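**Student:** Let's see this in three dimensions:
(2 chains)
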Amino acid sequence: MTGVDLEELSIRYGDVVAVDRLTLQVPEGRVLGGNGAGKSSTLRAIGGVNAHSSGRLTVAGFDMGTPDGADAARALVGYCPDIGGLISQATPEEHVDLVASLRGTRGGKAVADELIERFGLSAVRDRPAGTFSHGMQRRLSVLLAVMTARDVLVLDEPFDGVDPTGVDVTVSAIREAARAGMAVVVSTHLQHLLTSASDDIAVLIKGRLVAQAPAGDFSGAEGERRYADLLQSVPVEAVA
Amino acid sequence: MKGLYGEIVRGLTASIRLSRLRGQVRTPKARLRTRIAAILAALLVVVAAMAGDIVTRLAQQSDSSSPIYRYLLGERSVSLVGALGAVLAGVVFAPITGAAAQAQFPDFDLAGIRPSRLYRYFDGIWNSVLSPVGVSPLLLLVAAASLATPDGRGRLGAVAIALATWVCAMLVMALLAWAIEYTRRRWIASLRWYLAGAASLIVALAVIADPAHGRTIFGLANWLQTIIRAGVGGAVLPVIGGFALLLLAAAVTFLAGLMVCRQTLVLPAAVERVRQRTGSVKVPIHPSWALLTMLVTTLARTREVRRPIIMMIAVAMPMLFAWIRYSGSDPSSMLGSVTMVVPLAMSLGWGVNVFGVLGGAVALLLAQPRAWKLLLRHIILVQLAASVGLGVLLMVVAIAMSGMPWSALPPYTAGLVVSSVIATGLSVRYSVEKPHRTRLTGRGDPLVPPITGMGYVLRIMLTAAPAGLAVAVMASLVPWLAVVAAALVALSAFRSWRRVSNRWNDPAHRSRLAALVGAV
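**Tutor:** Reported below is the predicted structural model:
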């Protein structure tokens, strides 16, 4: 399959194990929502920013363990990191142009204008990103990921601090990407958004996958209870 | 005064307590590094105090009648005047540029501890003393005192006078920094730039009006030379008197600084106007040019990077040129100072922590195809081009001002290229191997911690500057020798590039770097 394929993936920072032998698949056209500890490290690896320590990671059919494979995959992945991910001194328009130039996909001013308008950034198009509120920065980061995604869209905490309009735009962008046949990976700690935006949900604790189920299993009051029980039922020693 | 005395005691106690708390949260490795830095600094002071003996021995082993020894040694040498001039320039301009302001106003969140407000005065001085802003004047003055007493007679008195002068300088700098902060809070936040302009104008007019054209630092150097000469002649009283007078001046400055600090802190903090809108640059379509454009734009738009570079080009170097011209010193020293200062300033303002400056943008760039390969090369290119370009520009100004022959330009340009290559290589290595997370707020935040910065200054100054000067002098005298030296430097630069690029090519290292600098 293409999409995203993790096989016994581990990510370590010195002695700290952030992701421990994680095995997951995100097929094309599906949205996987995730929560728990170790998700940002996993998403950074899928986005091509982090290197994995062991196991196998295939993104859009390319092996991320080789430099050429990682570069080929980066050209097909749109990635929004959990924090940062922006040039403080650059405006939204400059971000759009830079990223498009680096990928060789400059589509002219009209394309940039349309995206900036869609994500509600028209009023701040000539302001440096460092002067934005947290929510506005998230919107810009999501915009860049959506703009660059070809086969895989990876969004780490895209709803954090974003107002309802921004949430709607992001959810619709996720749905559009899935409809277009992309594999979408979204992480958020906001459970109702996780269930409404995703097809499947994976829960990681201490870098290990402890549950993976259809999003419907975790929606509504019943689903929330199930989720809370799941978190409490996992003995620490079982995942340590 | 009882109230003020109480506040002083509480402020000092809080400062000592905070210093201990900071010591407790340091990792064993960081604690070891701090101790090593302290020992090195102490050793450097001892070496500076022995500078007179070292140069005297060198003079005895070679041609002691050489003019260089006449310039360097003795109580009438230019060393003391040069050191005093450099220290005074630092004292006046460090608070204006923000190099000292950050030390004066650390932005730690201390709401939970609620220390006495005057702790900031003591904490600011302590931070300044530990930073390059404090250590370099100490080394300069002690070395100058030692050179003024080459045979050892009167050395103790001269070093004591140098130490007292340094204490005065540090307190004057704190007073100026708090006075500037007071004016910012009382009137307008951007007032310090007008003050910088006024200070430059006053210094320039004073140099022109002074019959000695600043050669005696407006009489101060003469006074210190008289005291040191008396000490060399065996008279103790003038030395004790001078020492006491300097301590008295330090005490008065200390009290004045405290009063200004107290008055400043009752006013609300100044809100500096943040530039909300900026003209968009046209990003080129070609990936390489696009990245280069954004790096240059980031350099130009980041205050902490831009300010020291502008101050160096627009204020410090022209002032130095004017002083050299009017004091009748050797005009080639203008070109020599450009060779030493410009690559160092570019390294400290940009190169030593370029990934810290980029912060979260590193993750954005690493997520783009092939951008990581371009990034390091472009960072080096920007620093090297800016260092050589600005240096040559200043050299042209210096030659036009002094009437030196234009034939002086090529050898010093060769020297500038060599010192820029070495400084860039070192600073990019620090940036890749030891990145620092830094939150740049536009208030003059340092790119690296003060002690680390001090180490960088010393290492870059001791390697890049002498090599650049040596090549410049060789190129003037024996051009083929300069070609050999340049080839050796190129070889060393290649080795340095290999080392840095090997580290950068390691994806695990890039991951750690992006995670570290991006978490702001």
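
**Student:** which residues touch A:Gly130?
**Tutor:** Applying C-beta atoms under 8 Å, 6 or more residues apart in numbering or on different chains to A:Gly130 gives the contacts A:Leu86, A:Ser88, A:Gln89. Backbone N, C-alpha and C define where each C-beta goes, glycine included.

**Student:** Repeat the analysis, applying 6 Å as the threshold.
**Tutor:** Counting by C-beta atoms under 6 Å, 6 or more residues apart in numbering or on different chains, A:Gly130 touches A:Ser88.

**Student:** Leaving out the residues flanking it, which one is nearest to whichever residue of chain A sits closest to chain B?
**Tutor:** Using C-beta to the nearest C-beta, the closest approach of chain A to chain B is made by A:Gly84 at 2.0 Å. Excluding the flanking residues, the one nearest A:Gly84 by C-beta to C-beta, 6 or more residues apart in numbering or on different chains is B:Gly360, at 2.0 Å.

**Student:** I'd like the average pLDDT over stretch A:145-154.
**Tutor:** Taken as a whole, stretch A:145-154 has a mean pLDDT of 91.

**Student:** So which residues of chain A form strands?
**Tutor:** A:4-13, A:16-26, A:31-36, A:54-59, A:62-63, A:77-80, A:152-156, A:183-187, A:200-205, A:208-214 (DSSP state E).

**Student:** Redo those as CSV? Include mean neighbour count and distance to B:Thr253.
**Tutor:** Converted to CSV, those look like this (neighbours: other C-beta atoms under 10 Å in any protein chain shown; distance: least, C-beta to C-beta, whole Å):
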stretch, mean neighbour count, distance to B:Thr253
strand A:4-13, 19, 49
strand A:16-26, 19, 50
strand A:31-36, 23, 58
strand A:54-59, 20, 62
strand A:62-63, 18, 66
strand A:77-80, 28, 53
strand A:152-156, 28, 53
strand A:183-187, 28, 57
strand A:200-205, 22, 60
strand A:208-214, 17, 62
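
**Student:** For A:Gly120, which of the ones you listed is the nearest?
**Tutor:** Taking C-beta to C-beta as the criterion, A:Gly120 comes closest to strand A:77-80 out of the strands of chain A, the separation being 15.9 Å.

**Student:** Strand partners (parallel or antiparallel) of that closest one?
**Tutor:** strand A:152-156 (parallel) (DSSP bridges).

**Student:** Off-centre distance for the partner strand?
**Tutor:** Here strand A:152-156 is found 3 Å from its chain centre; the criterion is C-alpha atoms, centre = their mean, to the nearest Å.

**Student:** quick check: angle from that strand to strand A:183-187?
**Tutor:** For strand A:152-156 against strand A:183-187, the angle by axes from the mean of the first three to the mean of the last three C-alpha atoms, to 10 degrees is 0 degrees.

**Student:** residues making contact with strand A:152-156?
**Tutor:** Here strand A:152-156 makes contact (C-beta under 6 Å, 6+ apart) with A:4, A:40, A:43, A:46-47, A:59-60, A:77-82, A:177, A:182-187.

**Student:** again, only using 8 Å
**Tutor:** A:3-4, A:26, A:39-40, A:43-44, A:46-47, A:59-60, A:73, A:76-82, A:142, A:145-146, A:170, A:174, A:177, A:182-187.

**Student:** What residue spans form the domains of chain B?
**Tutor:** B:1-268, B:284-520 (automatic domain parsing).

**Student:** hey, least reliable of the ones you listed by pLDDT?
**Tutor:** domain B:1-268 (a mean of 80).

**Student:** Pull the contacting residues for the residue of chain A closest to chain B.
**Tutor:** By C-beta under 8 Å, 6+ apart, the residues touching A:Gly84 are B:Gly359, B:Gly360, B:Ala361, B:Val362, B:Ala363, B:Leu364, B:Gly518, B:Ala519, B:Val520.

**Student:** Quick check: B:Thr413 touching B:Met395?
**Tutor:** Yes: counting by C-beta atoms under 8 Å, B:Met395 is a contact partner of B:Thr413 at 6.9 Å.

**Student:** Tell me which of these two has more neighbours.
**Tutor:** Using other C-beta atoms under 10 Å in any protein chain shown, the more surrounded residue of B:Thr413 and B:Met395 is B:Met395, with 23 against 20.

**Student:** Confirm the more buried one sits in a helix?
**Tutor:** Yes: judged by DSSP: H, G, I helix; E, B strand; the rest coil, B:Met395 forms part of a helix.

**Student:** In the stretch 301-450 of chain B, which residue sits closest to chain A?
**Tutor:** Proximity of the stretch 301-450 of chain B to chain A (C-beta to the nearest C-beta) peaks at B:Gly360, 2.0 Å away.

**Student:** hang on, that residue packs against A:Gln89?
**Tutor:** No: using C-beta under 8 Å, B:Gly360 makes no contact with A:Gln89, being 11.5 Å away.

**Student:** between those two, which one's more packed in?
**Tutor:** For the pair B:Gly360 and A:Gln89, the greater number of neighbours falls to A:Gln89 (25 against 22), based on other C-beta under 10 Å.

**Student:** Which residue, other than its chain neighbours, is closest to the more buried one?
**Tutor:** B:Arg301 (3.9 Å).

**Student:** again with B:Ala300
**Tutor:** Once flanking residues are discounted, B:Ala300 sits nearest to B:Arg306: 6.0 Å by C-beta to C-beta, 6+ apart.

**Student:** Which of the three states applies to the one you found?
**Tutor:** At B:Arg306 the chain is in helix, as set by three-state DSSP.

**Student:** Give me the distance between it and B:Thr297.
**Tutor:** Using C-beta to C-beta, to the nearest Å, B:Arg306 is found at 11 Å from B:Thr297.

**Student:** Likewise for A:Glu222?
**Tutor:** Distance of A:Glu222 to B:Thr297, computed by C-beta to C-beta: 52 Å.

**Student:** Tell me which residues touch the nearest residue to A:Pro92 once chain neighbours are set aside, please.
**Tutor:** Of all residues not flanking A:Pro92 in the chain, A:Leu121 sits nearest, at 4.8 Å (C-beta to C-beta, 6+ apart). Neighbouring residues of A:Leu121 by C-beta under 8 Å, 6+ apart: A:Pro92, A:Met136, A:Arg139, A:Leu140, A:Leu143.

**Student:** Could you rank these by neighbour count and give me the top one?
**Tutor:** Neighbour max across these (other C-beta under 10 Å) = A:Arg139, 29 neighbours.

**Student:** Test my guess that that one contacts A:Arg118.
**Tutor:** No: judged on C-beta under 8 Å, A:Arg139 makes no contact with A:Arg118 at a distance of 9.9 Å.

**Student:** joint contacts of those two?
**Tutor:** Taking C-beta under 8 Å, 6+ apart as the contact rule, A:Arg139 and A:Arg118 both touch A:Val169.

**Student:** Buried residues of stretch B:301-316, list them for me.
**Tutor:** Judged by neighbour count using 16 or more other C-beta atoms under 10 Å in any protein chain shown, the buried positions of stretch B:301-316 are B:301-305, B:307-309, B:311-313, B:315-316.

**Student:** between A:Glu222 and B:Thr297, who's got more neighbours?
**Tutor:** Set A:Glu222 next to B:Thr297 and count neighbours by other C-beta under 10 Å: B:Thr297 wins out with 21 against 10.

**Student:** how about the nearest residue to that one, chain neighbours excluded?
**Tutor:** Nearest non-adjacent residue to B:Thr297, counting by C-beta to C-beta, 6+ apart: B:Val281, 5.2 Å away.

**Student:** any idea how far B:Ala519 lies from chain A?
**Tutor:** For B:Ala519, the distance to chain A equals 6 Å [C-beta to the nearest C-beta, to the nearest Å].

**Student:** State the distance from that residue to B:Ala493.
**Tutor:** Counting by C-beta to C-beta, the gap from B:Ala519 to B:Ala493 is 32 Å.
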